[in-house]
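Novice: following is a predicted model, sequence given first.
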Amino acid sequence: VHDTIIQTKEVIRVVEKGQSYTPYGINFKRGKSEIEIESEPILDLVVKWLQDNPTIIVEVRGHTDSEGAADLNLMLSQNRAESVRNYLVKEGIDPTRLTAKGFGKNLPVADNNTLKGKAQNRRIEFYVKNK
């Protein structure tokens, strides 16, 4: 079994089956699922990682902060996860290797009472489903 490595400007990380990787800097238009253009270099690193590891199956997971109604956040997080999945597919990744799931505000990683915490909670994760 080979280790999977994703490299960004900030971190080199080994991702095993059942683990996720969260590259911060994948941003969207406010309240929308449209990916900001400055996020593309980070997504391109994910494309390269998936190209270099052709047997990995990934769930793209979307998360929001606690602002707004729970049902809208759930829908927004799903739409954002699907936008990222669509970007990866457009860049040549086999769509059967990717699923998208939104979790809304249900799985925070930081305190939603601070701006920094809210920013950390608005994220995309790449969860490795197999290896």
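Specialist: Noted; the coordinates are in hand. Numbering: from 1, shown residues only.
Novice: where do the strands sit along this protein?
Specialist: Along the chain, the segments classed as strands by DSSP state E run 4-7, 12-15, 20-21, 58-63, 98-102, 123-128.
Novice: compare the mean pLDDT across these and name the weakest.
Specialist: Mean pLDDT values for the strands of the chain show the minimum at strand 4-7, a mean of 47.
Novice: could you dump the strands of the chain into JSON lines with mean neighbour count added?
Specialist: (Glycine included, C-beta is placed from N, CA and C.) Output for the strands of the chain, formatted as JSON lines (neighbours: other Cβ atoms under 10 Å):
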{"stretch": "strand 4-7", "mean neighbour count": "16"}
{"stretch": "strand 12-15", "mean neighbour count": "13"}
{"stretch": "strand 20-21", "mean neighbour count": "17"}
{"stretch": "strand 58-63", "mean neighbour count": "24"}
{"stretch": "strand 98-102", "mean neighbour count": "19"}
{"stretch": "strand 123-128", "mean neighbour count": "22"}
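Novice: quick one: the lengthiest helix in the chain to strand 123-128, angle?
Specialist: Counting by DSSP state H, the longest helix found in the chain is helix 70-90. On the basis of axes from the mean of the first three to the mean of the last three Cα atoms, to 10 degrees, helix 70-90 is oriented at 60 degrees to strand 123-128.
Novice: returning to that earlier point: could you dump the strands of the chain into CSV and include distance to Pro108?
Specialist: Output for the strands of the chain, formatted as CSV (distance: least, Cβ to Cβ, whole Å):
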stretch, distance to Pro108
strand 4-7, 23
strand 12-15, 21
strand 20-21, 14
strand 58-63, 8
strand 98-102, 14
strand 123-128, 10
